[in-house]
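Chemist: I'll drop the sequence and a predicted model, then ask my questions.
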Amino acid sequence: MIRAYGLTKRYGEKTVVRDLTFTVRPGTVTGFLGPNGAGKSTTMRMLLGLDAPTSGRSTIGDRAYASHPAPLRQVGALLEARSIHPGRTARAHLQALAHTHGIPRRQVASVIDRVGLGEAADRRVKGFSLGMGQRLGIAAALLADPATVILDEPVNGLDPEGVLWIRNLLKSLAAEGRTVFVSSHLMSEMAVTAEHLIIIGRGRLLADTTVEQFVRDAGLGEITVVSPEADRLRALLAGPDVRIEAADGRPDTLRVTGADGERIGRTAAAHGIPVFELTPRRASLEEAFMELTRDAVEYVAHDDDPTTPQPTPTSQHATASQGAAT
Ligand SMILES: Nc1ncnc2c1ncn2[C@@H]1O[C@H](COP(=O)(O)OP(=O)(O)OP(=O)(O)O)[C@@H](O)[C@H]1O
């Protein structure tokens, strides 16, 4: 179980994580979603004790990460940057890690097998593809058989087979009763991998919900109405909260937002207007995610705008990411 209580991180004038409170439960995959720069990596680094929060605190398994006597056994993490000696083989890298942390050697063979690195285990890491490197990073995270697994953008840059592999691995780790917290900026990927979603934008919590609920709420509230008397219906429905747009090139079709199907149907019936179609439009998950995070994305775009004064130099970010190796 991961708990964050009012986690906040400021760099100079800029607040990159703002008062985040959430719980990540065992037994399910929880997706940590947000557009680029939303503060996901910074939050994960705070959970892992790699960055100190400006205020707030967090626990993993009821203790702060740093106060665990053997943190690797409690939490396995894969952050974005890797620092593996390129001349070492994958097996040697894992053996060295196991040795340093007092983990039985047999665990090395077990994680190599689990991440499907068997044939590559005795090759030097410098020849590894991105996907193999990710597998090795995950093997290292799982080495001490941790109760909690935290992975930052594990599918970034992977081919479809690698993406599918990670998806199944995360589900199996959760099915074993572990707490699995995984960040992504891709809603479509999380929708098929996670059961629970924590969505942030501009460092703030935007949603803490199940995927199922998110899907249910994904309707954008727009209804397509087809009627041979569309103009009359349009005049009757018009109001301050109702937006009505004509469909391109189709004079019989309206797109109505702000009035539900019942109201449109009853209005049409009361005035004897035939309605041939009344269809609520469901947004795709990606659209719903973009809608939810739109303001956050706009903020980031302005932030990157060279004409806008930069509150913090981006080079500092690069330094922080490079230091994120586990
Ligand atoms: N050490 C730092 N100094 C200054 N700003 C930082 C530092 N680390 C991160 N930031 C800024 O904090 C914001 C959040 O960054 P973070 O990497 O946590 O976001 P993210 O959601 O993980 O995004 P991405 O998916 O792009 O990695 C960004 O605007 C980033 O530039």
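Modeler: That came through, no problem.

Chemist: near the ligand, which residues of the stretch 101-250 of the chain?
Modeler: Residues of the stretch 101-250 of the chain lying near the ligand by Cβ under 6 Å from any ligand atom: H185. All C-beta spots, glycine's among them, are computed from the backbone N, C-alpha and C.

Chemist: Name the residue of the stretch 101-250 of the chain that lies nearest to the ligand.
Modeler: H185 (5.2 Å; Cβ to the nearest ligand atom).

Chemist: Now do the same contact list for that residue.
Modeler: H185 is in contact with L33, G34, P35, N36, A38, K40, E153, counting by Cβ atoms under 8 Å, 6 or more residues apart in numbering.

Chemist: give me phi/psi at it?
Modeler: Backbone dihedrals for H185, given as degrees, to the nearest 10, come out at phi -110, psi 10.

Chemist: hang on, isn't V111 packed against A144?
Modeler: No. In this structure, V111 is not within contact of A144 by Cβ atoms under 8 Å, at 9.5 Å.

Chemist: L20: how many residues sit nearby?
Modeler: In terms of burial, L20 registers 24 neighbours under the definition other Cβ atoms under 10 Å.

Chemist: circling back: what about the contacts of H185, which are in helices?
Modeler: Using DSSP state H, the members of the contacts of H185 that fall within helices are K40.

Chemist: just the helices in the stretch 101-250 of the chain please.
Modeler: Remark: helices assigned in the stretch 101-250 of the chain by DSSP state H, counting those that start in this stretch are 106-114, 130-142, 160-175, 187-193, 211-217, 230-237.

Chemist: which helices and strands does the fifth one pack with?
Modeler: In terms of contacts (3 or more Cβ pairs under 8 Å, 6 or more residues apart in numbering; DSSP states H and E), helix 211-217 is packed against helix 187-193, strand 196-201, helix 285-304.

Chemist: And the first one, by the same measure?
Modeler: Using 3+ Cβ pairs under 8 Å, 6+ apart, the elements in contact with helix 106-114 are helix 90-100, helix 130-142.

Chemist: Specify the angle between the last one and helix 106-114 in degrees.
Modeler: Yep, that's helix 130-142 we're talking about. Orientation of helix 130-142 against helix 106-114 (axes from the mean of the first three to the mean of the last three Cα atoms, to 10 degrees) gives an angle of 140 degrees.

Chemist: try the shortest one
Modeler: Taking the same axes, to 10 degrees, one finds helix 90-100 and helix 106-114 inclined to each other by 140 degrees.

Chemist: What is helix 90-100 packed up against?
Modeler: Against helix 90-100 (3+ Cβ pairs under 8 Å, 6+ apart) you get helix 106-114, helix 130-142.

Chemist: One more: the longest one?
Modeler: Secondary-structure packing of helix 130-142 (3+ Cβ pairs under 8 Å, 6+ apart): strand 75-78, helix 90-100, helix 106-114, strand 148-152, helix 160-175.

Chemist: Averaged pLDDT, it. What do you get?
Modeler: For helix 130-142, mean pLDDT is 90.

Chemist: before we move on, back to that, any idea which of the helices and strands packed on helix 106-114 is most buried?
Modeler: helix 130-142 (a mean of 22; mean count of other Cβ atoms under 10 Å).

Chemist: Now find how far off-centre that one is within its chain.
Modeler: 19 Å (Cα atoms, centre = their mean, to the nearest Å).

Chemist: neighbour-wise, which of V111 and A144 wins?
Modeler: Remark: of V111 and A144, V111 carries more neighbours, 25 against 22, as counted by other Cβ under 10 Å.

Chemist: Give the full set of residues in contact with the residue nearest to the more buried one when sequence neighbours are not counted.
Modeler: For V111, ignoring the flanking residues on the chain, the nearest one in space by Cβ to Cβ, 6 or more residues apart in numbering is A139 at 4.2 Å. By Cβ under 8 Å, 6+ apart, the residues touching A139 are A90, L94, V111, I112, R114, V115, L117.
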